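In: Give the three-dimensional model of this entry:
(chains A and B)
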Number of protein chains: 2
Amino acid sequence: MAGHGHPYSPAELVLPGFVPQRLSQGQILTPAMPSSPSSAPGSSPIPIDDCMRFAGRCGGGRLSRSDRLLMGWWVFIALTYIVFESPFLFTPDFLSKENPNYFDDFFKEYSKGDSRFAARNTAVLALEVVTIGLEGPASLLAAYAIASRKSYSHTLQFAVSLGQLYGRLLYFITAYLDGFFWVSPFYFWAYFIGSNSSWVIIATLIATRSWKKISAAFQAEKVKTR
Amino acid sequence: MAGHGHPYSPAELVLPGFVPQRLSQGQILTPAMPSSPSSAPGSSPIPIDDCMRFAGRCGGGRLSRSDRLLMGWWVFIALTYIVFESPFLFTPDFLSKENPNYFDDFFKEYSKGDSRFAARNTAVLALEVVTIGLEGPASLLAAYAIASRKSYSHTLQFAVSLGQLYGRLLYFITAYLDGFFWVSPFYFWAYFIGSNSSWVIIATLIATRSWKKISAAFQAEKVKTR
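Out: Predicted structure coming up:
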């Protein structure tokens, strides 16, 4: 443990009352990995398979496979925000708690990839506020909109995906402007890049799909009124 | 002039080499106010009337009044980003320049409503990077899309308006979390709230309009395929 009694970078970072992490990296990461119910015990509290099965049941038999997949994604996202990210937002003292729970240790581990979480950087906090306060409920609404074939379904999916992309972009730009906050290249690639890149890729795919679907609807309207 | 040789709040803010503002508040604000060419001399370099006339000419006679108005708005926005905001981004030493130009003094004055501009706060800088780098070009593309009746016109206008709203939201949340940065209630209402609220109102109106237009297109498609 380097610096001021904590393992984070930069070593000069002052974190009063820091209580070291109790769980090992493996104990923290295994439950955080998205997984199916059939996988090893101790896997994620948010099983993707169950999300999809639930989504398929809500949508009845009328939904296409891609719509069921998207519904599963939105439910999964909303649960991830609620289960994993809201404890961070609502536990300002997670670093100094005498009896840390799993989520306190989860964010202690995650801060090795970006110590702005440990330091409660305001840009990171503001992004979490928008994610949990707006994008969480909007993700659930998107799942409902797909199931009930609302005419705003693609617009909402486009909006939430765009919000995720805008958020990740600001997250990366502020990190670049503020400096570098990871302990080692491993944490840079595995946590800072790895944990953010899947959201970026999937959000880009969904935003592109919705964009095309909306354009097609306007094309159809144009042909009709010609 | 209070504090460390500068007029900003908080007084403890350290701004090395600060060169006081030369232009008066009136000399700075008159050119910054949006205006028509017929108004007083010395008014904005970005006349709204001209933007609308230019937009109307590009779109030919086929465009509705609301589409011409929207084209004018997008051209006006893009020019505002280029003319007023890019000097801030590309002049990191604007506070300490021996011979400040109009834009250096503009941001010295504007910082009285939010000293994070003077302090080059990274969250504010990151928001400016996205605004100038993405939303500026996208605004021009939106004007073009309206003029040439592209099928992605509403999606793009929705995306840029949403980006503006997301940006303003993060701007306000980070200000709330970081503390208060205005010199007096006048600067809070006139600069911090006043200069940001018009974007919020217009962006909300455009996003709502595009949302409805897209929903209507899907409704029409649904009726057609029934």
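In: Who are the packing partners of the helix or strand of chain A with the lowest mean pLDDT?
Out: In chain A, no helix or strand scores lower on mean pLDDT, DSSP states H and E than helix A:48-58, which sits at a mean of 73. Helix A:48-58 makes packing contacts with helix A:65-80, helix A:136-147 when contacts are defined by 3 or more C-beta pairs under 8 Å, 6 or more residues apart in numbering or on different chains; DSSP states H and E. In short, each C-beta sits where N, CA and C put it, glycine included.
In: could you give the mean pLDDT of the one helix or strand residue A:103 maps to?
Out: In this structure, residue A:103 sits in helix A:102-110 according to DSSP states H and E. On average, the pLDDT along helix A:102-110 is 95.
In: picking that back up, of all the helices and strands packed on helix A:48-58, which one is nearest chain B?
Out: Comparing the helices and strands packed on helix A:48-58 against chain B with C-beta to the nearest C-beta, the closest turns out to be helix A:136-147 (10.7 Å).
In: can you pull the buried residues of that closest one?
Out: A:136, A:138, A:139, A:140, A:141, A:142, A:143, A:144, A:145, A:146, A:147 (16 or more other C-beta atoms under 10 Å in any protein chain shown).
In: do stretch A:207-216 as well
Out: Using 16+ other C-beta under 10 Å as the burial criterion, the residues of stretch A:207-216 that qualify are A:207, A:209, A:210, A:211, A:213, A:214, A:215.
In: Make CSV out of the residues you listed and add pLDDT.
Out: As requested, these are exported to CSV (pLDDT from 0 to 100):
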residue, pLDDT
A:207, 98
A:209, 98
A:210, 98
A:211, 98
A:213, 97
A:214, 97
A:215, 96
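In: Now go through those residues and say which are in helices.
Out: Taking DSSP state H as the definition of helices, these contribute A:207, A:209, A:210, A:211, A:213, A:214, A:215.
In: so who does the second one touch?
Out: When you say that, I think you mean residue A:209. Contacts were defined as C-beta atoms under 8 Å, 6 or more residues apart in numbering or on different chains; by that measure residue A:209 touches no other residue.
In: separation between it and residue B:131?
Out: Plainly put, residue A:209 is 26 Å away from residue B:131 if you go by C-beta to C-beta, to the nearest Å.
In: try residue A:76
Out: 32 Å.
In: same check, this time on residue A:17
Out: Counting by C-beta to C-beta, the separation of residue A:17 from residue B:131 is 39 Å.
In: So between those two, which is more surrounded?
Out: Ranked by neighbour count (other C-beta atoms under 10 Å in any protein chain shown), residue A:17 and residue B:131 place residue B:131 first, with 20 against 10.
In: and stretch A:22-30, average pLDDT?
Out: 91.
In: cool, and stretch A:68-77?
Out: Averaged across stretch A:68-77, the pLDDT comes to 93.
In: Appreciated, that's everything.
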